[in-house]
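Asks: no sequence on this one, just coordinates:
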């Protein structure tokens, strides 16, 4: 594939032209192709495509244009890659014509320096042959005009150099034709006119040569009001004197190549060396350092004036990186290094005239020779840098206007700028955006400042300190300095002080180095709306932020949200975190910025304003979760009545969020669960008790599916505390009941029953029949798990009567399934089949795929107990398919065990190994000890059936240890029955008999069916 910009913007694949769309997609492609391999921000692309008239949907349109280009270009998304904060074109260097042009020109100039004039001319010709017309032809009057002009200027410079090579080679006749056309098109280019005059004179056409001069002088005087320059006048005088030596004819002079001259060694020519020292403990940033140094050096040597901007938030290490790069570049710029601190983040930025005066003095001017106006100073400055190889470092710039007069005008020099702004208005400038350090880099910097000996003694505290610094170099350095100056402190002491977020920014201060002050500079520079947005985000405190959350926080229109987000991103107070798996753009704010933003919210915003903003976001989360639950009933118990919110009309910001959630609920919950937990905790802190409780309750269904016990605990602890502070007894009972379900999932069954009894008391006091019924069903489930089967049936019967009264078909289906499981345990297989079949019909009627899957698995157990192993296998497979399709890994593992048990009974144990290994891995990854123990027991059964007695005993004993740890004697006894069979087969009849006697007593205690059939294969869930 070839991308062409030296003429009209085109893409070719082999001999075929690739259609890329209208002017806007071509402009976007051109912007990427002008700087291949480097990230072009979305804001820059918007500016390129629309200029000052960008629509509110410009960002979305850019994304759609990129998608369309990816479909058309060979290589697709590999060619245009998404990279924060925009996109990057990934092609080979030779695939873009202007890059190939630059490389050919650089090779030609190198050949010319070595004296290879003929080869230089060939390379110049090859470079010029790439041009098909004016650069970016149809886009030349767009915002790319400056880029087009730069490319056209480069072409003219090469035309001049090619003409000089032709004169040196004596190809005068060919030159006359080419130069006549070039001079007609570019009458103000004196070098082209001079070359044409020399070629004509060499062909004995002196009169024609003088006519060319007269035409040129007339044009310059009439059109521009200036006389010809000294080079053109000297050629005119040499022709009048008939002095071919002065014109270089016959002497074959070397070609003067741009960017190759250096000031000759002379004690009268100053070589400034103004770079400040780099901190001795400079750490990391290897990739960025290599990028900056390599590109600045090579581009300056190739005959351009490269400008590189290092941008980032305060304290991220921009100045340190720039100085380190500058010191490494000293040998590439032998004529000196200029440095200026522009004080862009202070109240009094350095004036341009003061910096120019300093630079002129450093370059050899005296005070009385420095011009008085900025324009004249800039002209003098550029003149003094002409022909020199000087590196200019401009630290802490504030605007492009402050920088532009300080840019050299001729090739050979290079400029390195640091700024909190991206300096998008510096046409052609390259950008490196510094983020916080990588974890390893931050740790290394802290070690270098603090000392290896202290860090080695406290590795845990070291990790905590790095996390507390948010890996911001300024914060890391302050932590290191504080420890270095307080040798008696342990690392853990400072870490403990930093744990308190209300004091963290106070602690991150050392002398004039203060994290809070650094952030304050960027914050104060924002407009009021952007500052308010920053504060709201801090008050909410989410780890990552989808766009709809910003809209809900502010309650403003989409175009306003886009503008405010971009303001914060440009100020480096918010970072584009990429597009998540759900297709949402996400933004991030590291912990120190979040703390600072929350401080500003507490100091500047009315509490009611903050509370209302947070409530809008939490309401949004709640609506999305409830919509998912309504569309995909979880088939479980929830004491919360969602009907009160199911019909709520979503705001303009909630609708797209709900659409994203419904597209893939499993992925959406996985993506958002940290933000959901944080939102519950924040709502609880603000005493939004009902919202916190409702969202915590709604989330429990998702947490139950994924065994996210920590998230479940955090949300319910904070919501329960808020409910009690607000005196909301209903919310208290609901959360207590769900705490009971959490403890049940954690195999902490005694605690589960305690929480459920507390919830039952609350619901009975309130006369809440639905809450009471839900809690009774949950109590029945906990009792069943512990083997208290009579109690479980009693609670199920009470719950069933209430569910019938309420007309709650979903909860009745759940209760019927579990009641059927209890009857299975007791040996009443007929009633078990009736109850479970009724449950299956109900779940199918309700459209609950999860409920259907769970019931199919339970029905598989019933058929296995009846000896109908093929049917048991088929039902287990149906359940496994449902859970695989819905992404429920844990229940898929449960179903896989049911399938394996049926296969073992069918004599197909060899087919179970992969199923059981996966089930064991899944149970362990979810922290499910019940599932782990059951997987081990089933593996033991498999080995026993195959006669692998040693393996069987190992697996069964491991399962018994787990049953004992979670205090489930009935399951332990069932596993001991398998172990007794194993020991008997191994010849240890006494040990087997002892185990059987013990297990029979357990079966008798619990009254289960195994008491009568204890010699048959065990069944379990």
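Replies: Arrived safely. Values in this document were obtained by computation on a predicted structure and should not be read as measured data.
Asks: quick one: mean pLDDT for the helix or strand hosting residue 49?
Replies: In the assignment (DSSP states H and E), residue 49 maps to helix 42-50. For helix 42-50, mean pLDDT rounds to 84.
Asks: same check, this time on stretch 240-248
Replies: 81.
Asks: check stretch 373-386 too.
Replies: Per-residue pLDDT values across stretch 373-386 average out to 87.
Asks: going forward, count from 10.
Replies: All right, first residue 10 from here; so that's stretch 382-395.
Asks: what about that stretch, distance to the chain center?
Replies: Taking the mean of its C-alpha atoms, stretch 382-395 sits 44 Å from the chain's own mean (Cα atoms, centre = their mean, to the nearest Å).
Asks: is the most centrally placed residue in the chain in a helix, a strand, or coil?
Replies: When Cα atoms, centre = their mean is applied to the chain, the residue found nearest the centroid is residue 586 (3.2 Å). Judged by DSSP: H, G, I helix; E, B strand; the rest coil, the three-state class of residue 586 is strand.
Asks: I'd say it and residue 595 touch.
Replies: Yes. Under the contact definition of Cβ atoms under 8 Å, residue 586 touches residue 595, with a separation of 4.3 Å. All C-beta spots, glycine's among them, are computed from the backbone N, C-alpha and C.
Asks: hang on, the earlier thing: for the residue nearest to the centre of the chain, what are its contacts?
Replies: 93, 553, 595-597 (Cβ atoms under 8 Å, 6 or more residues apart in numbering).
Asks: what's the distance between it and residue 879?
Replies: Counting by Cβ to Cβ, to the nearest Å, the gap between residue 586 and residue 879 amounts to 52 Å.
Asks: and the helices in the stretch 860-1009 of the chain?
Replies: If DSSP state H, counting those that start in this stretch is used as the criterion, the helices of the stretch 860-1009 of the chain fall at 878-895, 898-914, 922-934, 938-955, 958-974, 978-995, 998-1015.
Asks: bridged to residue 441, which residues?
Replies: When bridges are called by DSSP bridges, residue 441 pairs up with residue 319.
Asks: what sits against it?
Replies: Applying Cβ under 8 Å, 6+ apart, one finds that residue 441 lies in contact with 297, 300-301, 317-320, 330.
Asks: any buried residues in stretch 887-906, and which?
Replies: Taking 16 or more other Cβ atoms under 10 Å as the neighbour-count basis, stretch 887-906 is seen to contain the buried residues 887-889, 891-892, 895, 897-906.
Asks: just give me the closest of these to residue 77.
Replies: Nearest to residue 77 among the buried residues of stretch 887-906 is residue 895, at 33.7 Å by Cβ to Cβ.
Asks: any idea how far the residue nearest to that closest one when sequence neighbours are not counted is from residue 717?
Replies: Leaving aside its sequence neighbours, residue 895 sits nearest to residue 858 (Cβ to Cβ, 6 or more residues apart in numbering; 5.6 Å). Distance, residue 858 to residue 717, by Cβ to Cβ: 20 Å.
Asks: same thing with residue 443?
Replies: Applying Cβ to Cβ to residue 443 and residue 717 gives a distance of 35 Å.
Asks: okay, now the unreliable bits of the chain?
Replies: Confidence mapping of the chain against pLDDT under 70 gives the ranges 149-151, 259-278, 310-311, 643-661, 713-716, 1022-1030.
Asks: which SS class is residue 141?
Replies: Each residue gets one of three states, and residue 141 gets coil by three-state DSSP.
Asks: can you tell me the number of residues neighbouring the nearest residue to it once chain neighbours are set aside?
Replies: By the measure of Cβ to Cβ, 6+ apart, the closest residue to residue 141 outside its immediate chain neighbours is residue 16, 3.0 Å from it. Residue 16: 16 surrounding residues under other Cβ atoms under 10 Å.
Asks: next up, phi/psi of residue 16, please.
Replies: When read as degrees, to the nearest 10, the backbone of residue 16 gives phi 140, psi -150.
Asks: so it makes contact with residue 138?
Replies: No. In this structure, residue 16 is not within contact of residue 138 by Cβ under 8 Å, at 11.6 Å.
Asks: sorry, back to before: and the residue nearest to residue 895, how close does it get to residue 818?
Replies: When distances are taken as Cβ to Cβ, residue 858 and residue 818 turn out to be 16 Å apart.
Asks: before I go, just wanted to say thanks for your time.
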